[in-house]
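S.K.: Coordinates for the following, if possible.
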Amino acid sequence: MIVALVLIGCLLLPHPSASQEVKVSTVLEVTEALTPDIYVLPITVSTTGDTEREVLEVLGAVDGVVRGLGLPYRGGNYSAGPRCWWDKERERQVCRGYRGSVSYSFRLGRTRDQDRVLEAITGLKGRMKMDLSVGTPRWEVSRERVRRKREELELRLVKEVREFAKRLSESLEQSCGLSEIDFEMRPRGPFPVRAKALHAPEPTRSPQEISVKAAVKYTCVP
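M.R.: The predicted structure is shown next:
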């Protein structure tokens, strides 16, 4: 776990006289690295057939296998329609048979679960006409963990803002108080490592940094 506090910048007037009010603007930032916990595996199954019924039967069989795995996923949206293309020689659209596809985005906790997904779907290829394509697998930090970490870092940053006010007061020999704070948050690299092949590799989890930054303004008076 990595935690960092960064003073981005500070703008203030020259050392004040005994009666001069000083306004100070700065940016403070805290950062922590989180290990991704969601392995995203996007897949698409496509098929063709002489009739729309044939196409829908294949897509339905795939959906049944996917649901039977009991693994979390998003999607399941499908499309089916005439298989048409443009014939340059005839200079017109030609349609023959039907085609369809269905897509899923599995959200797994373990990379080895992708083997179950791929084996189950490819197992249908022996008795059904279909093609399987795998998108770019990747590791992500779940939204709930990002949300909780943001709240934690905001509270930590508020404490640092107060501590900075104390140090600022000592430096300027005045009483400095917080007048405004504006939070913003962003994830930073390195980005998750992505799998580049279809033979179910197990990419390492690359930490993702969650950073909370605040633009802070202080008013210092004698």
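
S.K.: roughly how far out does the helix or strand harbouring Ser179 sit from the chain middle?
M.R.: Using DSSP states H and E, the element containing Ser179 is strand 175-188. Centre-to-centre, strand 175-188 and its host chain are 25 Å apart (C-alpha atoms, centre = their mean, to the nearest Å).

S.K.: tell me the angle the following helix or strand past it makes with strand 175-188.
M.R.: Using DSSP H and E, the next helix or strand after strand 175-188 towards the C-terminus is strand 208-221. Interaxial angle of strand 208-221 relative to strand 175-188 (axes from the mean of the first three to the mean of the last three C-alpha atoms, to 10 degrees): 160 degrees.

S.K.: May I have strand 208-221 as CSV, with CA atoms only?
M.R.: Taking Å, rounded to 0.1, in the frame of the first residue of the first chain, the C-alpha atoms of strand 208-221 are listed here in CSV:
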residue,chain,number,x,y,z
GLN,A,208,-3.8,1.6,-9.8
GLU,A,209,-3.3,4.8,-7.9
ILE,A,210,-6.3,6.7,-6.5
SER,A,211,-5.5,10.3,-6.0
VAL,A,212,-7.6,13.0,-4.1
LYS,A,213,-6.5,16.5,-4.7
ALA,A,214,-7.9,19.7,-3.2
ALA,A,215,-7.5,23.3,-4.1
VAL,A,216,-7.1,25.1,-0.8
LYS,A,217,-7.4,28.8,0.2
TYR,A,218,-6.3,30.3,3.5
THR,A,219,-6.8,33.7,5.0
CYS,A,220,-4.2,34.8,7.5
VAL,A,221,-4.7,37.8,9.8
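
S.K.: neighbouring strands for that strand, and are they parallel or not?
M.R.: In the sheet, strand 208-221 lines up against strand 22-34 (antiparallel), strand 175-188 (antiparallel) (DSSP bridges).

S.K.: would a markdown table of the ones you listed with mean pLDDT, mean neighbour count and distance to Leu69 be doable?
M.R.: For the C-beta atoms, the positions are set from N, CA and C on the backbone; glycine is no exception. Listed next are those as a markdown table, based on pLDDT from 0 to 100; neighbours: other C-beta atoms under 10 Å; distance: least, C-beta to C-beta, whole Å:
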| stretch | mean pLDDT | mean neighbour count | distance to Leu69 |
| --- | --- | --- | --- |
| strand 22-34 | 90 | 18 | 27 |
| strand 175-188 | 78 | 13 | 30 |
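
S.K.: wait, which of those strands is closest to Arg90?
M.R.: Nearest to Arg90 among the strands paired with strand 208-221 is strand 175-188; the distance by C-beta to C-beta comes to 52.3 Å.
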